[in-house]
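Chemist: Sequence plus the predicted model coming up.
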Number of protein chains: 2
Amino acid sequence: MNEVVIVGSVALDTIDGPGGHADDALGGSASYAAYSASFFARARIIACVGPDFPASARRVFDGRNIDLSGLETVPGNTFRWAGQYAPGFVTRETKKLDLGVFAGFKPAIREPLPESAILFLANIDPDLQMDVLEKAGGKAFVAVDTIDHWIKSKGEVLKKALARADIFFLNDEEARLISGEDNLVRAGKKIMGMGPEFVVLKKGEHGAMLFSREGISVVPALPLDDFRDPTGAGDTYAGAMLGYMAREGKRDRTAMRSAMAYATVMSSFVVEDFSMERLRKVTQAEIGERLGHLRELVRF
Amino acid sequence: MNEVVIVGSVALDTIDGPGGHADDALGGSASYAAYSASFFARARIIACVGPDFPASARRVFDGRNIDLSGLETVPGNTFRWAGQYAPGFVTRETKKLDLGVFAGFKPAIREPLPESAILFLANIDPDLQMDVLEKAGGKAFVAVDTIDHWIKSKGEVLKKALARADIFFLNDEEARLISGEDNLVRAGKKIMGMGPEFVVLKKGEHGAMLFSREGISVVPALPLDDFRDPTGAGDTYAGAMLGYMAREGKRDRTAMRSAMAYATVMSSFVVEDFSMERLRKVTQAEIGERLGHLRELVRF
């Protein structure tokens, strides 16, 4: 069965912002990506937590098509992040960052994945991404995500990972940073030249662009005038996209475009509440309805 | 015949930027809007210039479906603007602004326009917009454009004009400014509440949003990795949209969406060179080709 194997963080987030407050809520790139992917295909989480990781947080994954056998419990504290969003969600400030057990994370994945699998290297140290790629990559379809921090501190290692990536996710600021180009079209094309066959450039409220050898595609965001928490929207986007591709078993541009539409829908849900709260309630009918909205949005 | 009557500026622009240099090139909101509209319908310019307005600039309109009988020559200097774009077109700085005869502009339009006409009040003093509205509006379909300067200095008068507008064009910064909302969806809805039936919120490289009672539509921008001069892109957008609507004789949301697609295409051309240089060479086949690109862009 086509599986999405996600290497990333499982964390506890404390969030303050215009949408309210959340305390030690389940977060982390792997959590969001796996939860979102599980709407479409089986997702496996490769991550670690401490013994303090609450049973209530683990239970969030119950009943989902998610394999937690790679979620190791090791001595130390679970990765904790605290952030504050400014009014209007204009900026986000990290108030506390305690990597805990994640500082010594050794991804427990050594076997090469089959060709049918999708390996998602979510936002982690590029050295770890390379390590996993060498052990488990090779045949699998490889997706890479990152953040500005790694572009600035480990850009060269990251570029080595990119050279082996099939698809690379990044946002507009990161695209400008890694390419040195202000113009996003030029940035996306330059990043394609770094190796990945597909580049997904996420622009938040302005939607996302797909760069491929066959050209550029655009999927706008669903118009949202009210949301509670944008944390994890990018990971949810990537997770849904890869989950859809795993389910379809296709990796061409056409499948990629449909995958982006589903990803747009799933991330429109996740921001409506903290953590996985909104995703837990999402029905297939709701997904279909928003997909319809999205297609209607660009009917011209 | 359905006509677009454009009240705005005819100016001489001196521009410096990454795309090169232009000296006393034909510019101004009415010039761009009329030139662009004339691809679809008859356009009439209501503006004024000085005796120094060169014959070569006037000749740019030759052979186009543009009525210049309302372009008055009055004593004084033609409106001149000089601007400089920073590398990457990230910012624009006004280096010189000499309103000349435009400072005393009295729009030479007194007769009420027929219902079939579209009246476009391009970027001019809101007091003038109100004056024209009272004399010539009433039956015609009324479009209003503005800039941040008028929102800040004559916001209350502008809002009176908006209350009588059928369609209002503005960019993202202006939308945030006039609505006091950071979120563009909320901003657009709030501006709808000020009167206009349609609000076209232009986001530059991120495309444009249409707000209407029936909902929101999105038309992305055509991806451009190289252009020479973004001056006049907004006026070209509005001109094309209104020209298309005049030609079709329709003012519903469906026509509006198609009009936005054409507007996107026309503004993708105008930025490829200074002044009307690129528009002068545009063929119907090229328009059709880019329209195809645009539709292909959002096929998902």
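Modeler: Arrived safely, thanks for sending.
Chemist: Could you give the number of residues near the residue of the stretch 151-300 of chain A found nearest chain B?
Modeler: Residue of the stretch 151-300 of chain A nearest chain B, by CB to the nearest CB: A:D182 (3.3 Å). (Each C-beta comes from the backbone N, C-alpha and C, glycine too.) Look at A:D182: counted by other CB atoms under 10 Å in any protein chain shown, it has 14 neighbours.
Chemist: State the distance from it to A:E173.
Modeler: According to CB to CB, to the nearest Å, A:D182 stands 11 Å off from A:E173.
Chemist: what do you get for A:A103?
Modeler: Noted for A:A103: a distance of 25 Å to A:E173, by CB to CB.
Chemist: again, but for A:G207
Modeler: Distance from A:G207 to A:E173, by CB to CB: 15 Å.
Chemist: In terms of packing, which of the two has more residues around it?
Modeler: The neighbour count for A:G207 versus A:E173, taken as other CB under 10 Å, is higher for A:G207 (23 against 13).
Chemist: A:T264 is in contact with A:V219, correct?
Modeler: Yes: counting by CB atoms under 8 Å, A:V219 touches A:T264, with 5.4 Å between them.
Chemist: ok but A:K95 is inside a strand, no?
Modeler: Yes: assignment of A:K95 by DSSP: H, G, I helix; E, B strand; the rest coil places it within a strand.
Chemist: where does the residue nearest to it when sequence neighbours are not counted land in three-state SS?
Modeler: In space, and not counting its chain neighbours, A:K95 is closest to A:A82: 4.3 Å by CB to CB, 6 or more residues apart in numbering or on different chains. Using three-state DSSP, the structure places A:A82 in strand.
Chemist: Tally up the residues packed near A:A82, please.
Modeler: A:A82 has 17 nearby residues by other CB under 10 Å.
Chemist: Repeat that for the one 3 residues further on.
Modeler: Counted with other CB under 10 Å, the burial measure for A:Y85 works out to 19 neighbours.
Chemist: mind checking pLDDT for it?
Modeler: As predicted, A:Y85 sits at a pLDDT of 96.
Chemist: Does it touch A:R228 like I think?
Modeler: No: between A:Y85 and A:R228 there is no contact under CB under 8 Å: 9.8 Å.
Chemist: ok, then the element right after the lengthiest helix in chain A?
Modeler: The longest helix of chain A (DSSP state H) is helix A:253-270. With elements assigned by DSSP states H and E, the helix or strand that comes after helix A:253-270 is helix A:284-297.
Chemist: which residues does the nearest residue to A:S69 once chain neighbours are set aside form a beta bridge with?
Modeler: Spatial nearest neighbour of A:S69, excluding adjacent residues (CB to CB, 6+ apart): A:R44 at 7.4 Å. On the basis of DSSP bridges, A:R44 is bridged to A:V5, A:D67.
Chemist: ok so, going back, contacting residues for the residue nearest to A:K95?
Modeler: Applying CB atoms under 8 Å, 6 or more residues apart in numbering or on different chains, we find A:A82 in contact with A:13-16, A:94-97.
Chemist: Sort out which one of these lies nearest chain B for me.
Modeler: A:D16 (17.5 Å).
Chemist: how about that closest one, secondary structure?
Modeler: Strictly by three-state DSSP, A:D16 counts as strand.
Chemist: which ones are touching it?
Modeler: A:82-85, A:95.
Chemist: Report the angle between the longest helix of chain A and helix A:284-297.
Modeler: Angle between the axes of helix A:253-270 and helix A:284-297 is 110 degrees (criterion: axes from the mean of the first three to the mean of the last three CA atoms, to 10 degrees).
Chemist: May I have helix A:253-270 exported as PDB, CA atoms only?
Modeler: Output of helix A:253-270 as PDB, limited to C-alpha atoms (Å, rounded to 0.1, in the frame of the first residue of the first chain):
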ATOM      1  CA  ARG A 253       1.800  17.500 -13.000                       C
ATOM      2  CA  THR A 254      -1.900  16.800 -13.400                       C
ATOM      3  CA  ALA A 255      -2.000  14.800 -10.200                       C
ATOM      4  CA  MET A 256       0.100  17.400  -8.500                       C
ATOM      5  CA  ARG A 257      -2.400  20.200  -9.400                       C
ATOM      6  CA  SER A 258      -5.400  18.200  -8.000                       C
ATOM      7  CA  ALA A 259      -3.200  17.400  -4.900                       C
ATOM      8  CA  MET A 260      -2.700  21.200  -4.400                       C
ATOM      9  CA  ALA A 261      -6.400  21.800  -4.600                       C
ATOM     10  CA  TYR A 262      -7.000  19.200  -1.800                       C
ATOM     11  CA  ALA A 263      -4.100  20.700   0.100                       C
ATOM     12  CA  THR A 264      -5.600  24.100  -0.100                       C
ATOM     13  CA  VAL A 265      -8.900  22.800   1.300                       C
ATOM     14  CA  MET A 266      -7.300  20.900   4.200                       C
ATOM     15  CA  SER A 267      -5.200  23.900   5.200                       C
ATOM     16  CA  SER A 268      -8.300  26.100   5.100                       C
ATOM     17  CA  PHE A 269      -9.800  23.800   7.700                       C
ATOM     18  CA  VAL A 270      -6.800  23.500  10.000                       C
END
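Chemist: Pull out the buried positions in that helix.
Modeler: Using 16 or more other CB atoms under 10 Å in any protein chain shown as the test for burial, helix A:253-270 gives A:255-270.
Chemist: Thank you, goodbye.
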